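**Q** Got a predicted structure here, sequence first:
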Amino acid sequence: MKMRKLSVIRLFAIVALGTAFMCGQATRTWVSGVGDDANPCSRTAPCKTFAGAISKTAPGGEIDALDPGGFGALTITKSITLDGGGGQVASVLVAGTNGITVAAGVNDVVIIRNLRLDGLLGGGNANAGLNGISFISGKDLNIENCIIFGFNLTGININVNQTATVHVVNTIIKNIGSCAPGSCGNGTGDGIFATTSTGTVKVTVDNSQIMVVANNGINASQNSRVAVNRSLISASGGSAGQSVGNGGAGSGSSLSFDNCELVYGNNGVTAINSSTAFVSHTTIAYNSGTAYNVLTATTAGIVNAYATGAASAANGTNRVHDNGGGAGSPTYITGN
């Protein structure tokens, strides 16, 4: 009899513990401009900040913005979805730090959707935000329908030590970097910077705009593969797109543009140090420098321009005109 009572007591203890866990880790939580982080982050009692809500959200769960508000900087360490909702201003406004840092597990998937990230870069502000989104670990990062502006280092900084994927869709990155054009370090003043020390990081950018950046619109650095489609890069101090390697076999990067506009910057597409770039059905125009900019440091890069029919400039699929440094010396290839 006593044993049966003990078993029943243990069962109730397990159920109570599980219930407590579920209450503390909801699959969906809510934030509000008038919320309170002491709340349980339910729809009727929302939290105030993303940081307050994430500890109460189960791995793989979702944090939703109930109404307009500024919800603060956040470090993400697990699979999660952040959704600012449609038709309202859900923002992260920071100075002197990153807007959102993704430091998730090696198999975690993170979705950041419908947010505005403001780093406060402007005249007289010496303490602007660092990176809009900094991705340092995780399996897959998705950035959808976001506006990222006013950061001192990069809009999106992808610097992982594992194989990973990143998808940037319907996103605007603007007013990035305070370094003087031509003097920015690698990964500084870029709209998107991508590299990994281990494996390959694969980045897709679709239907997005990158405008007014001190350095490169997109910097595909070592061990990265970046594919850009239906996107605009305008007013870049370096190149609209740059592909960089370290000169060693297999360490280069690859960057491709298809159906894009690369305009009003310095150079169009740059490749350096065993890296490659591919450009198809893209406009490269009104840049002060060279459209296809092939550079050699340790080893040469290659810029491939697609052609229809014979591999020649006359059959090229790109629209290249009004660049101060001319077209440059691409390698014309066929295949599309």
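**A** Here it is on my side, so go on. Predicted model only: the values in this text are computed from it and were never measured.
**Q** what lines up beside the host helix or strand of residue 234 in the sheet?
**A** Using DSSP states H and E, the element containing residue 234 is strand 232-236. Strand pairing for strand 232-236, using DSSP bridges, gives strand 209-213 (parallel), strand 261-263 (parallel).
**Q** Let's have those in JSON lines, adding mean pLDDT, mean neighbour count and distance to residue 38.
**A** All C-beta atoms are positioned from the backbone trio N, CA, C, and that covers glycine. Output for the strands paired with strand 232-236, formatted as JSON lines (pLDDT from 0 to 100; neighbours: other CB atoms under 10 Å; distance: least, CB to CB, whole Å):
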{"stretch": "strand 209-213", "mean pLDDT": "98", "mean neighbour count": "24", "distance to residue 38": "40"}
{"stretch": "strand 261-263", "mean pLDDT": "98", "mean neighbour count": "23", "distance to residue 38": "49"}
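**Q** okay if I get the ones you listed as TSV plus distance to residue 230?
**A** Listed next are the strands paired with strand 232-236 as TSV, based on distance: least, CB to CB, whole Å:
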stretch	distance to residue 230
strand 209-213	10
strand 261-263	9
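**Q** closest one to residue 244 among those strands?
**A** strand 209-213 (15.9 Å; CB to CB).
**Q** average pLDDT for the very next helix or strand once past the closest one?
**A** Using DSSP H and E, the helix or strand that follows strand 209-213 in sequence is strand 218-220. The predicted model assigns strand 218-220 a mean pLDDT of 96.
**Q** So which elements touch the very next helix or strand once past strand 218-220?
**A** Next in sequence after strand 218-220, counting helices and strands by DSSP H and E, comes strand 224-229. Applying 3 or more CB pairs under 8 Å, 6 or more residues apart in numbering; DSSP states H and E, we find strand 224-229 packed against strand 190-196, strand 201-206, strand 218-220, strand 239-244, strand 254-258.
**Q** what pairs with the first one, and is each one parallel or antiparallel?
**A** Sheet partners assigned to strand 190-196 using DSSP bridges are listed as strand 154-160 (parallel), strand 218-220 (parallel).
**Q** Tell me what angle the longest one forms with strand 201-206.
**A** This points to strand 154-160. If you take axes from the mean of the first three to the mean of the last three CA atoms, to 10 degrees, strand 154-160 sits at 150 degrees to strand 201-206.
**Q** Check the offset of strand 154-160 from the chain's centre.
**A** Centroid separation for strand 154-160 versus its chain: 6 Å, with CA atoms, centre = their mean, to the nearest Å.
**Q** ok, back up a step: mind putting the strands paired with strand 190-196 in a markdown table, distance to residue 179 and mean neighbour count included?
**A** Formatted as a markdown table, the strands paired with strand 190-196 follow (distance: least, CB to CB, whole Å; neighbours: other CB atoms under 10 Å):
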| stretch | distance to residue 179 | mean neighbour count |
| --- | --- | --- |
| strand 154-160 | 11 | 27 |
| strand 218-220 | 13 | 32 |
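**Q** could you dump the ones you listed to TSV with distance to residue 283?
**A** Below are the strands paired with strand 190-196 laid out as TSV (distance: least, CB to CB, whole Å):
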stretch	distance to residue 283
strand 154-160	22
strand 218-220	16
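**Q** ok so, going back, save the helices and strands packed on strand 224-229 as CSV, and put in distance to residue 270 too.
**A** Listed next are the helices and strands packed on strand 224-229 as CSV, based on distance: least, CB to CB, whole Å:
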stretch, distance to residue 270
strand 190-196, 12
strand 201-206, 17
strand 218-220, 9
strand 239-244, 4
strand 254-258, 9
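**Q** mean pLDDT for these: which is lowest?
**A** strand 239-244 (a mean of 92).
**Q** Paired strands for it, with orientation please.
**A** Under the rule (DSSP bridges), strand 239-244 has strand 218-220 (parallel), strand 267-272 (parallel) as partners.
**Q** residues making contact with that strand?
**A** 186, 216-222, 226, 228, 233, 252-255, 257, 262-263, 265-273, 275-277, 284, 287, 289, 293, 301 (CB atoms under 8 Å, 6 or more residues apart in numbering).
**Q** which stretches of the stretch 1-150 of the chain form strands?
**A** Taking DSSP state E, counting those that start in this stretch, the strands of the stretch 1-150 of the chain run over residues 26-31, 57-65, 69-70, 74-76, 80-83, 90-93, 100-103, 109-113, 116-118, 131-137, 140-144, 147-151.
**Q** do you know which of these lies nearest residue 49?
**A** With CB to CB as the yardstick, what comes closest out of those is strand 26-31 (6.6 Å).
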